[in-house]
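>>> sequence first, predicted coordinates after that:
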Amino acid sequence: MRIAIIGQQDFGKAALEAFIARGDTVAGVFCAPEKPGARPDALRVAAEERKITLVQLPSLKTPEAQAALRGLNVDVGVMAYVLQFVPQDFVAIPRHGMIQYHPSLLPRYRGPSSINWPIIRGDTRTGLTIFRPTDGLDEGPVILQKETPIGPDDTLGSVYFDRLFPMGVAALQEAADLVASGRATATVQDESQASYEGWCQSGEARINWHTLIEHTYNLIRGCNPAPGAWTTIGGKRLQIFDARRHLVRTFGQVKGKIGAVTAIGAESIVITGQGGQIEVLKLKHEDGKKMAAAQFCAEAGVTVGTTLGT
């Protein structure tokens with residue numbers, strides 16, 4: 001099969017490598033230009049190393065983009081982590097059209113932070129969708145879906161890197177085979193079940209220690225490693241990463257006031273929340289680097305009774 005990869009970063013690179021490894025021809029790669037000072041795009045670097053035709057345009061809505069894709073003469077376009085808008089006159093150029101990866105069970109969790117939000121909301125399952133791109137955001141007909149559970153202690157990192165990333169690369173190959181062979185069926189998404197979620201960024205990641213401990217813990221793990229759930233200490237931001245939840249089922253047995261550090265151990269610290277405690281193993285102060293929570297307390301002079309979020 002002769003394909004074009006449209007994407008960026010590590011997922012795009014992994015898709016490129018997977019198609020090449022099984023004998024397909026990657027005729028060209030489209031990726032957005034890097035912003036000044038940004039780390040090199042892994043997909044761009046991989047294409048250059050393999051001397052694959054590389055197209056970096058600020059927009060895919062131009063005649064230049066269409067001409068570049070038309071010149072590649074590909075069977076299928078594979079959209080692997082695309083943030084640029086891809087218009088239908090571009091999508092229709094490959095002989096069998098294009099397929100796109102989205103890391104949720106569409107039509108649920110359309111939008112850019114579709115892995116964070118199911119974890120933050122306490123969902124017990126998520127998955128991925130390969131669909132036909134349309135001008136609507138993640139609204140195209142579905143070719144295939146794969147499901148994976150969200151465990152009670154899963155994080156954004158474990159759900160994505162351990163499961164949705166490798167599953168997604170394999171699903172793109174499976175879907176490409178289906179469309180190229182004419183065996184693909186496309187199912188229109190049920191709009192009555194649709195939901196759209198915006199970015200999960202700093203404003204959404206702030207911890208309110210007065211919410212139920214389950215919600216606090218879900219926020220921490222749904223933002224780990226990015227954007228990093230955060231609170232404040234001494235007026236400065238403190239991001240919390242690796243953590244554990246400890247529920248208290250009996251009224252009145254939660255130690256310490258809400259948001260207070262109630263224990264400092266050899267590896268972790270314990271913070272009181274509403275209905276339980278959060279044991280923090282890794283954190284990052286805005287003036288420093290990610291480190292063990294106990295080490296931070298020793299270096300910053302944090303003691304039992306210190307209250308966070310103030």
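All right, it came through fine.

>>> could you use CA atoms for every contact and neighbour count after this?
Fine.

>>> select the longest helix from the chain.
Of all segments of type helix in the chain, defined using DSSP state H, the longest is helix 165-180.

>>> please name the residues that touch the residue nearest to Ala176 when sequence neighbours are not counted.
Leaving out its chain neighbours, the residue that sits closest to Ala176 by CA to CA, 6 or more residues apart in numbering is Val76, at 6.8 Å. Neighbouring residues of Val76 by CA atoms under 8 Å, 6 or more residues apart in numbering: 1-4, 94-99, 176, 179-180.

>>> please apply the same query to Arg163.
Contacts of Arg163 (CA under 8 Å, 6+ apart): Thr148.

>>> cool, Gly7 as well?
29-32, 43, 79-83.

>>> restricted to strands, list the contacts of Val76.
Judged by DSSP state E, strands contain the following of the contacts of Val76: 2-4, 98-99.

>>> phi, psi for the residue positioned nearest the centre of the chain please.
Nearest residue to the geometric centre of the chain (CA atoms, centre = their mean): Ile115, 4.9 Å. Main-chain torsions, Ile115, degrees, to the nearest 10: phi -90, psi -40.

>>> that one contacts Pro103, doesn't it?
Yes. Contact criterion CA atoms under 8 Å: Ile115 and Pro103 qualify, at 6.4 Å.

>>> and stretch 286-300, average pLDDT?
Averaging pLDDT along stretch 286-300 gives 95.

>>> buried set for that stretch?
Residues of stretch 286-300 classed as buried: 292-297 (neighbour count, 16 or more other CA atoms under 10 Å).

>>> just give me the closest of those to Arg22.
Ala292 (42.1 Å; CA to CA).

>>> quick one: residues contacting that closest one.
Counted by CA under 8 Å, 6+ apart, Ala292 has contacts 267-268, 281-283.

>>> and those residues, which of them are in strands?
Per DSSP E, the subset of those in strands is 282-283.

>>> point out the least confident one among the contacts of Ala292.
Glu267 (92).
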